[in-house]
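**Q** coords please:
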Amino acid sequence: MALNFYDSRGHFIDHRLVEIRANQAGISLRTGCFCNPGGGELALGISAEELVSCFSRSHERLTIDEFRRCIDDKSTGAVRISVGIVTTFQDVYRFVEFSRSFLDNQK
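**A** As a prediction, the model looks like this:
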């Protein structure tokens, strides 16, 4: 399942921060961009006009942080979690509790 976390103001929480906190909590998940070129932009609501604007501003390569600023801090990826045959109820519960730790947390 792919998802993003949002704060109480409706701004997304950087998937890289979610990954850092998950690692600290001993939770295994994946984060980052999608493998399908164009699919991520479509799923995340990044328009062709925004992409053209960002990439035409500079002749040098953009860093991910520069790109995010250019698209008004929209998400550039997602958190991906998987459940399978060895996943237990406790695993899912730990993830739900981990997710709740972002509620009303502005850090």
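**Q** could you use CA atoms for every contact and neighbour count after this?
**A** Fine.
**Q** what's the first helix or strand after the helix or strand bottoming out on mean pLDDT in the chain?
**A** Ranked by mean pLDDT, DSSP states H and E, the weakest helix or strand in the chain is helix 39-44, scoring a mean of 74. Sequence order places helix 48-57 as the next helix or strand after helix 39-44, per DSSP states H and E.
**Q** what's the helix or strand following that following helix in contact with?
**A** Proceeding N to C from helix 48-57, the next assigned helix or strand is helix 64-70, under DSSP H and E. With CA atoms under 8 Å, 6 or more residues apart in numbering as the test, helix 64-70 has contacts from Glu50, Cys54, Lys74, Ser75, Thr76.
**Q** one more pass at 6 Å, please.
**A** For helix 64-70, contacts defined as CA atoms under 6 Å, 6 or more residues apart in numbering pick out Cys54.
**Q** now stretch 42-54
**A** Cys70.
**Q** pull up the distance across it, start to finish.
**A** 16 Å (CA to CA, to the nearest Å).
**Q** what do you get for stretch 71-87?
**A** End-to-end for stretch 71-87, by CA to CA: 37 Å.
**Q** may I see the buried residues of it?
**A** Ile71, Lys74, Ser75, Thr76, Gly77, Ala78, Val79, Arg80 (16 or more other CA atoms under 10 Å).
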